[in-house]
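# got a structure for you, letters missing:
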Ligand code: UDP
Ligand code: MG
């Protein structure tokens, strides 16, 4: 039984040694308890620090360590994809390099797959301790909105940390899309998932790679990738405004017939023009989002470009 651990790393030179130490400890335990062998796949997402050097060095001293290094920063989603594609294990786990996803949960997750007929053991954190309150607020809103609009079940507080059976990994890899929103993809492919909960842990070293703005754009990506409801909303708003305009036309004709036509009311006219053009721009923006994503899909560019792997290190 081989377990692949996929770890996307972007500027993680501080955290990586801690991570390696901890995962080795857990691997040893699980070798004894479950007879599991491991491979660790570090995906260096175009780091600007010594992450790659550390990965190379770890590979030199431990044959279980593999690495893939990108030609530039392609984002965490690309890292996850590259890792899943490279993984050879019967079971594949992915986790962050900062120990916010405690490797100590792995035995419990593996038990769920081995003894309870689940295909996947996923984790969610029960709180958002150590996170700015506005970020938590927007995160909650995002989960509410996307779950109303999309049929992929996206769990609030879900981490990307999960252990999957080979068949689920293959299902995920069979999705060819360029815009990859993993949280949605995991939900969309289905399979039986067991949710384990744990209290949020703060990162062991280094700092977070996500700014508020980056997260905001990422959330838009999720919405566009997993639901077309905003397009329907645009049409509905169009219909509502047409209906409103019709009522107003009738009202004004009747009023003119009854009371004559004193010319007044241009301020209200200006307000209406502003409102309507605002709505129009908004709807055009929504359309534009989908068009942009379609454009990126149609280009068929690779999701990531590899600069070096452990195979190069050996050659
Ligand atoms: N990460 C990555 N590419 C990026 C940004 C992040 O591979 O462009 C990795 C990062 O190295 C870490 C994981 O994704 O292993 C989660 O990032 P981080 O801990 O900064 O996010 P947070 O936990 O604060 O949401
Ligand atoms: Mg983190």
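Ah, there it is. Computed from a prediction, not measured in an experiment: that's the story for all the values here. Ligands and ions are numbered 1, 2, ... in the order given.

# show the model's pLDDT score for residue 64.
Predicted confidence (pLDDT) for residue 64: 91.

# which positions in stretch 182-201 come out as buried?
By neighbour count on 16 or more other CB atoms under 10 Å, the buried set for stretch 182-201 is 182-189, 193-194, 196, 198. Placement of C-beta: from N, CA and C, glycine included.

# okay, how far is it across that stretch, tip to tip?
21 Å (CA to CA, to the nearest Å).

# pLDDT of it, averaged?
The model assigns stretch 182-201 a mean pLDDT of 86.

# tell me how far it lies from the chain's centre.
Distance of stretch 182-201 from its chain centroid, counting by CA atoms, centre = their mean, to the nearest Å, is 11 Å.

# quick check, it touching ligand 2?
No: Stretch 182-201 stays clear of ligand 2 (CB under 5 Å from the ion), getting no nearer than 9.0 Å.

# what about the strands in the stretch 201-315 of the chain?
306-309 (DSSP state E, counting those that start in this stretch).

# interface residues of it facing ligand 1?
203, 208-210 (CB under 6 Å from any ligand atom).

# again, 8 Å this time
By CB under 8 Å from any ligand atom, the part of the stretch 201-315 of the chain that sits against ligand 1 consists of 203, 206-210.

# roughly how far apart are residue 269 and ligand 2?
Note on residue 269: its distance to ligand 2, by CB to the ion, to the nearest Å, is 52 Å.

# thinking again about what came up before, quick check: the farthest pair among the buried residues of stretch 182-201?
188 and 198 (24.4 Å; CB to CB).

# pLDDT weak spots in the stretch 51-200 of the chain?
Nowhere does the stretch 51-200 of the chain drop to pLDDT under 70.

# tell me which parts of it are close to ligand 1?
73-76, 78-79, 95-98, 100, 160.

# show me which residues of this protein are close to ligand 2?
Residues of the chain lying near ligand 2 (CB under 5 Å from the ion): 96, 98, 100, 203.

# who wins for neighbours among the residues you listed?
residue 98 (23 neighbours; other CB atoms under 10 Å).

# is that residue in a helix, a strand, or coil?
coil (DSSP: H, G, I helix; E, B strand; the rest coil).

# once you drop chain neighbours, what's closest to it?
residue 203 (3.7 Å; CB to CB, 6 or more residues apart in numbering).

# that neighbour and residue 298, how far apart?
Taking CB to CB, to the nearest Å as the measure, residue 203 falls 38 Å from residue 298.

# could you do residue 113 as well?
38 Å.

# out of these two, which sits in the busier spot?
Taking other CB under 10 Å, residue 113 and residue 298 do not tie; residue 113 has more neighbours (20 against 9).

# my reading is that the more buried one is in a helix; is that accurate?
Yes: the assignment for residue 113 is a helix, going by three-state DSSP.

# looking at the stretch 151-300 of the chain, which residue is nearest ligand 2?
Residue of the stretch 151-300 of the chain nearest ligand 2, by CB to the ion: residue 203 (4.7 Å).

# just to check, the residue nearest to residue 98 is in contact with residue 97?
No: contact between residue 203 and residue 97 fails when scored by CB atoms under 8 Å: they sit 9.0 Å apart.

# give me the common contacts of the two.
residue 15 (CB atoms under 8 Å, 6 or more residues apart in numbering).

# which helix runs longest in this structure?
helix 266-299 (DSSP state H).
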